[in-house]
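Enquirer: Sequence first, predicted coordinates after that:
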Amino acid sequence: MDSVRQRMRQLQTQIEDANYRYYVLDDPAMPDAAWDLLLRELQELESRHPGLADPNSPTQRVGSRPSSGFEEVVHATPMLSLANAFTEEEVGDFVSRITKETGDADPEFSVEPKLDGLAISLRYENGVFVRGATRGDGSTGEDVTANLRTVKCIPLKLRGEAPGVLEVRGEVYMPKADFEAYNARALREGGKTLANPRNGAAGSLRQLDPRITAMRPLAFYAYALGEVSAMPSSIQTHSQSLSWIRDFGLPVCPEAGTARGTGGILAFYRRLGERRGQLAYDIDGSVYKLDRFDQQRAMGFVSRAPRWAIAHKYPAQEQQTVIEAIDVQVGRTGAVTPVARLVPVQVAGVVVTNATLHNADQIARLDVRIGDSVIVRRAGDVIPEVVRVIEDRRPAGTSPWSMPVQCPICGSAVEREPGEVVSRCTGGLYCPAQRKQALIHFASRRAMDIEGLGERLIEDLVDFGYVKTVADLYALRLDDFLAMKRRADERDGSTPDAVKTGKIASKWAENLIEAIAASRETLLERILFALGIRDVGESTAKTLARHFGALDPIMAADESVLREVPDIGPVVAARIAHFFAQAHNREVIAALRANGVHWTEGAPQRASEGPLAGKTVVLTGGLAAMSRDEAGARLEALGAKISGSVSKKTGIVVAGEAAGSKLAKAQELGLEIWDEARLLAFLDDHAGKPSD
Ligand code: IVH
């Protein structure tokens with residue numbers, strides 16, 4: 001018994017410490033998943049040994065007391081928390097309890113995302129926002145009215161006829177994209193980054209200076225009612241109350257809906273889980289709320305949580321692990337990116353072994369060292385990253401990490417320009433790592449689009465000395481691929497399998513040769529983009545192609561000429577001029593031409609020139625002769641502006657195969673509509689002649 005008592009006390013302290021760090025200091029000490037485990041263990045011990053339960057246990061209150069600095073607010077009706085379910089079985093038990101106690105065999109639920117932000121309560125009196133408070137311990141929170149006033153999606157006045165008192169509960173959160181942008185800016189300007197969107201939201205609301213809060217990109221979704229002076233009798237369910245709230249101009253999460261029975265709510269859980277990465281905000285679960293108010297009343301409450309609702313958690317996106325090594329990777333432009341090699345850990349269902357550390361500043365800011373215990377985070381499709389170090393767990397004898405002074409691949413100096421956060425290998429195309437990345441970029445879909453020429457193959461081509469520059473690709477012969485394949489198999493110790501021997505191997509090589517050959521004919525903007533000039537993305541490449549019409553005048557242009565191109569600033573102008581001034585780049589271009597690569601060239605299209613100048617064109621439906629992208633590029637070269645949506649201002653709608661609603665709208669508006677034949681005839685009439 002004593003050891004149980006001891007364990008309970010230990011758990012309490014650990015949870016309380018973690019709560020303090022999380023709620024009061026906004027400086028979490030452990031990932032949520034670890035906290036959940038501790039709380040569950042304590043809850044279980046308390047229910048097995050009710051004699052030992054402590055009324056002040058962290059299981060009995062959510063969060064902690066308000067910190068000084070903000071006034072206390074006593075909530076008119078307590079702000080509840082939710083019980084958690086981690087398995088489908090637990091969700092089944094929840095529904096069974098409801099069926100048993102309400103007699104409803106197939107109860108209806110409001111199903112909602114569990115938003116990962118900070119719970120708040122908004123009080124409106126006669127339609128005017130008078131007070132906003134955090135949840136605090138559920139009965140008493142902090143008055144953060146001044147901060148909430150800065151949250152743009154929280155209305156200061158309600159629309160329509162609001163009751164005398166209306167309290168709305170919901171979540172303040174930071175949209176993922178805004179969080180990324182905020183951190184990117186902080187990194188650039190040497191400011192402090194936010195650990196994750198939830199901490200961003202919580203920390204921002206706890207600012208004593210509302211002007212700081214106002215600079216933080218916060219948003220809000222309502223999900224429940226608090227005190228309401230007069231509720232229309234027509235509102236009998238939770239989902240109806242959400243529509244009612246929405247009608248007052250308060251944001252309600254558009255993903256919220258209704259579902260029936262265990263099957264229905266689990267289907268919602270899975271669907272939402274699949275889209276979790278694509279949502280604009282972080283969620284950590286689905287919430288199921290028994291929809292009918294009369295049934296909610298029948299189920300009642302236990303301590304601070306309703307028995308009619310439950311949060312069904314998704315696997316955690318953050319986990320704890322240890323850094324085994326810090327390596328660096330060299331990118332296309334020589335950028336040297338530090339990467340943490342981790343003790344493998346499951347994060348949101350995927351084993352993570354590497355995480356990006358971004359750059360030297362980020363490492364210094366986090367003070368990440370080899371041997372450190374760290375929190376890694378994986379969200380959606382983004383590369384996993386190290387979020388923070390758990391300093392208490394740092395082993396003895398570590399030292400701060402520093403950027404290597406020499407490129408680990410080619411030995412050239414690694415340098416960092418003043419005002420830049422990125423360190424770069426100065427080896428240029430002498431560095432095999434940069435050469436590989438340049439080739440990968442050149443072959444990629446939006447550049448030369450060479451099908452089948454993937455990363456692995458390019459690495460082998462460089463490693464075995466078959467290609468040095470992008471021009472060498474066009475000199476490769478069938479036998480080169482076959483010989484290289486044999487050498488790669490030997491190196492990997494794999495006996496050449498049936499798939500890559502004999503006929504099949506030559507078919508594979510033939511396809512590659514064909515794909516390379518097909519890429520010989522391209523567009524000026526594509527070759528410009530494919531060359532991999534620093535800071536010249538697709539859109540700058542397009543601008544250059546249109547402005548100059550051909551490659552030679554771009555190669556001949558000096559910085560001052562380039563600066564006259566609309567949308568090209570001094571930095572990019574310098575980069576372009578620098579690129580074409582280098583002998584080896586000019587040689588590569590000459591070699592590309594010698595190897596038969598050619599692109600469309602035509603007359604320059606300065607602003608508001610060309611037969612389609614000033615016309616907006618919408619492309620819809622499928623084209624047989626070329627992709628929509630290509631058609632768009634050619635029309636742009638003739639002065640058109642390409643748009644995705646049809647309106648009164650649209651000049652021409654090109655309707656291909658199976659065009660749908662856009663065509664219908666164009667007909668309705670009486671716009672000029674072209675079929676593919678008309679488009680091709682027009683392009684023919686105005687064709688630029690390919691260079692040779
Ligand atoms: S309802 C009656 N709905 O989860 C229960 N809570 O542990 C009141 N949360 O404090 C909460 N999304 O911070 C509810 N759609 C949602 C939610 C949600 C996130 C958070 C909220 C609350 C905690 C409950």
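Expert: Looks like it came in fine.
Enquirer: what about the helices in the stretch 501-650 of the chain?
Expert: 502-518, 524-530, 538-548, 551-556, 559-563, 570-581, 583-594, 628-637 (DSSP state H, counting those that start in this stretch).
Enquirer: Show the low-confidence segments of the chain, by residue range.
Expert: 1, 19-27, 55-56, 60-68, 379-381, 495-501, 607-609, 688-692 (pLDDT under 70).
Enquirer: Give me every residue in it lying close to the ligand.
Expert: When proximity is defined by Cβ under 6 Å from any ligand atom, the chain lies next to the ligand at 80-82, 112, 114-115, 119, 135, 171, 223-224, 287, 306, 309, 311. Where C-beta positions appear, they are placed from N, C-alpha and C, glycine not excepted.
Enquirer: Select only the buried ones of those residues in ChimeraX?
Expert: In ChimeraX, selecting the buried portion of the residues of the chain next to the ligand, with burial taken from 16 or more other Cβ atoms under 10 Å, looks like this:
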select :80,81,82,112,114,115,119,135,171,223,224,287,306,309,311
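Enquirer: In strands, which of the residues of the chain next to the ligand appear?
Expert: Counting by DSSP state E, the part of the residues of the chain next to the ligand found in strands is 112, 114-115, 119, 171, 223-224, 287, 306, 309, 311.
Enquirer: from those residues, which is closest to Val347?
Expert: Lowest distance from Val347 to these (Cβ to Cβ) belongs to Lys114, with 18.5 Å.
Enquirer: and that closest one, how far is that from Asn84?
Expert: Counting by Cβ to Cβ, to the nearest Å, the gap from Lys114 to Asn84 is 9 Å.
Enquirer: Can you pull the residues that touch both of the two?
Expert: 285, 311-313 (Cβ atoms under 8 Å, 6 or more residues apart in numbering).
Enquirer: CSV for the helices of the stretch 501-650 of the chain, including mean neighbour count?
Expert: Listed next are these as CSV, based on neighbours: other Cβ atoms under 10 Å:
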stretch, mean neighbour count
helix 502-518, 14
helix 524-530, 24
helix 538-548, 21
helix 551-556, 16
helix 559-563, 15
helix 570-581, 17
helix 583-594, 15
helix 628-637, 19
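Enquirer: Helix, strand or coil: sort out Asp178 for me.
Expert: Three-state call for Asp178 (DSSP: H, G, I helix; E, B strand; the rest coil): helix.
Enquirer: Distance to Thr321 for the helices of the stretch 501-650 of the chain - can I get that in CSV?
Expert: Below are the helices of the stretch 501-650 of the chain laid out as CSV (distance: least, Cβ to Cβ, whole Å):
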stretch, distance to Thr321
helix 502-518, 39
helix 524-530, 38
helix 538-548, 37
helix 551-556, 48
helix 559-563, 47
helix 570-581, 39
helix 583-594, 43
helix 628-637, 42
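Enquirer: So for the residue of the chain found nearest the ligand, what's the nearest residue that isn't a sequence neighbour?
Expert: Relative to the ligand, the nearest point of the chain is Ala119 (3.2 Å; Cβ to the nearest ligand atom). With sequence-adjacent residues excluded and distances taken as Cβ to Cβ, 6 or more residues apart in numbering, Ala119 is closest to Arg135, at 4.4 Å.
Enquirer: same thing with Ala658?
Expert: Gly621 is the one closest to Ala658 (Cβ to Cβ, 6+ apart), at 5.4 Å.
Enquirer: could you list every residue that touches that neighbour?
Expert: Applying Cβ under 8 Å, 6+ apart, the residues contacting Gly621 are 655-660, 663.
Enquirer: and if you look at Leu478?
Expert: Shown in contact with Leu478 (Cβ under 8 Å, 6+ apart): 506, 509-510, 513.
Enquirer: what would those residues look like in CSV with distance to Glu46?
Expert: Supplementary listing: the contacts of Leu478 in CSV, determined by distance: Cβ to Cβ, whole Å:
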residue, distance to Glu46
Ser506, 71
Ala509, 68
Glu510, 70
Ile513, 71
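Enquirer: Buried subset of the contacts of Gly621 as a PyMOL selection?
Expert: Filtering the contacts of Gly621 down to the buried ones (16+ other Cβ under 10 Å) takes a single PyMOL command:
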select buried, resi 655+656+659+663
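Enquirer: possible to save the contacts of Gly621 as CSV with secondary structure?
Expert: Shown next, in CSV, are those (three-state DSSP):
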residue, secondary structure
Ala655, strand
Gly656, coil
Glu657, strand
Ala658, coil
Ala659, coil
Gly660, coil
Leu663, helix
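Enquirer: Is it correct that Phe129 is in contact with Val151?
Expert: No: at 10.5 Å, Phe129 does not count as touching Val151 under the criterion of Cβ atoms under 8 Å.
Enquirer: Show me the helices in the stretch 1-150 of the chain, by range?
Expert: Using DSSP H, counting those that start in this stretch, helices in the stretch 1-150 of the chain cover 2-19, 32-48, 88-102, 145-148.
Enquirer: actually the stretch 201-350 of the chain, sorry about that
Expert: Counting by DSSP H, counting those that start in this stretch, the helices of the stretch 201-350 of the chain are 210-214, 238-247, 261-275, 293-299.
Enquirer: ok, residues contacting the third one?
Expert: It refers to helix 261-275. So helix 261-275 is in contact with 88, 91-92, 95, 106-107, 109, 111, 113, 255, 257, 259, 283, 286, 288, 312, 314, going by Cβ under 8 Å, 6+ apart.
Enquirer: cutoff 6 Å now
Expert: 88, 92, 95, 106, 109, 111, 259, 286, 288, 312, 314 (Cβ atoms under 6 Å, 6 or more residues apart in numbering).
Enquirer: which residues touch the first one?
Expert: Read that as Glu88. Leu266.
Enquirer: So Ile440 is in contact with Arg456, correct?
Expert: No: with contact defined as Cβ atoms under 6 Å, Ile440 and Arg456 do not form a contacting pair (10.1 Å).
Enquirer: of these two, who's got more company?
Expert: Each of Ile440 and Arg456 has its neighbours counted (other Cβ atoms under 10 Å); Ile440 has more, 18 against 9.
Enquirer: Next, the angle from the helix or strand that contains the more buried one to helix 502-518.
Expert: Assigned by DSSP states H and E, Ile440 belongs to helix 432-443. Calculated by axes from the mean of the first three to the mean of the last three Cα atoms, to 10 degrees, helix 432-443 forms an angle of 80 degrees with helix 502-518.
Enquirer: what's the following helix or strand after helix 432-443?
Expert: helix 455-463.
Enquirer: Direction-wise, compare that next one with helix 502-518 and give the angle.
Expert: Going by the same axes, to 10 degrees, helix 455-463 makes 90 degrees with helix 502-518.
Enquirer: Show me the contact partners of helix 455-463.
Expert: 432, 435-436, 439-440, 467, 484, 488.
Enquirer: Relative to Gly117, how far out is the residue nearest to Ala119?
Expert: 11 Å.
Enquirer: and what of Trp674?
Expert: Counting by Cβ to Cβ, the gap from Trp674 to Gly117 is 49 Å.
Enquirer: okay, these two: which has more neighbours?
Expert: A side-by-side neighbour count of Trp674 and Gly117, using other Cβ under 10 Å, places Gly117 first with 24 against 17.
Enquirer: Quick check: that one touching Ala202?
Expert: No: using Cβ under 6 Å, Gly117 is not in contact with Ala202; the gap is 7.5 Å.
Enquirer: Run a quick neighbour tally on the nearest residue to Ala433 once chain neighbours are set aside.
Expert: Leaving aside its chain neighbours, Ala433 sits nearest to Val330 (3.7 Å; criterion: Cβ to Cβ, 6+ apart). Look at Val330: counted by other Cβ under 10 Å, it has 24 neighbours.
Enquirer: Alright, that wraps it up for me.
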